[in-house]
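J.: the sequence and its predicted three-dimensional model are supplied below.
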Amino acid sequence: QVQLIESGGGLVQAGGSLKLSCVASGQIFSRNAMAWFRQAPGKEREFVAAITWNTRYADSVKGRFTISRDGAENTVALEMNSLKPEDTATYFCAGGAARVIPSIVPGDYDYWGQGTQVTVSS
């Protein structure tokens with residue numbers, strides 16, 4: 001059974017940094033695209049970053065966030081710098097079919113973690 005488990009969320013002041021981690025079980029990790037999405041209260045789930053053979057970022061996080069993966073440890077990380085209050089959301093790790101250009105569509109991802117809360121205070 002495929003499982004994705006996120007960790008690393010928390011409360012941080014604006015301008016600060018956090019690093020999220022997602023541990024993937026089973027064979028999903030080596031053959032799949034991995035991504036981070038986020039959802040704020042009352043808003044739709046939105047794409048943040050994804051990695052396959054390439055990386056892709058939402059314009060709102062480009063230059064501030066970095067996605068990476070460690071195949072040996074079956075983990076994917078999201079390093080978040082220069083955090084802003086508008087980054088406040090629940091962050092979800094997702095896994096799906098690999099594409100040359102990583103998908104930004106939530107429906108293209110088959111596996112999801114339970115989410116980890118990130119709160120950025122002003």
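T.: Good, I have the coordinates.

J.: contact partners of the helix or strand harbouring residue 117?
T.: Using DSSP states H and E, residue 117 falls within strand 116-121. Strand 116-121 has contacts (Cβ atoms under 8 Å, 6 or more residues apart in numbering) with 6-14, 16, 18, 20, 38, 80, 83-91. Where C-beta positions appear, they are placed from N, C-alpha and C, glycine not excepted.

J.: skip ahead from the lowest-mean-pLDDT helix or strand in the chain and say which helix or strand is next.
T.: Using mean pLDDT, DSSP states H and E, helix 28-31 stands out as the lowest-scoring helix or strand of the chain, at a mean of 66. In the C-terminal direction, the helix or strand that comes right after helix 28-31 (DSSP H and E) is strand 32-39.

J.: can you list the strands that the strand holding residue 117 pairs with?
T.: Applying DSSP bridges, strand 116-121 is found paired with strand 10-13 (parallel), strand 89-97 (antiparallel).

J.: from the chain's centre, how far out does it sit?
T.: Distance, stretch centre to chain centre, for strand 116-121: 13 Å (Cα atoms, centre = their mean, to the nearest Å).

J.: and it, what's buried?
T.: Buried residues in strand 116-121, counted by 16 or more other Cβ atoms under 10 Å: 116, 118, 120.

J.: tell me what angle that strand forms with strand 32-39.
T.: 50 degrees (axes from the mean of the first three to the mean of the last three Cα atoms, to 10 degrees).

J.: average pLDDT across strand 116-121?
T.: Strand 116-121 shows a mean pLDDT of 98.

J.: before we move on, back to that, just the strands paired with strand 116-121: most buried one?
T.: Highest mean neighbour count of the strands paired with strand 116-121: strand 89-97, a mean of 22 (counted as mean count of other Cβ atoms under 10 Å).

J.: contacts for that one, please.
T.: Contacts for strand 89-97 (Cβ under 8 Å, 6+ apart): 2, 4-6, 9, 20, 22, 24, 28-29, 32-40, 43, 45, 48, 76, 78, 103, 106, 108-118.
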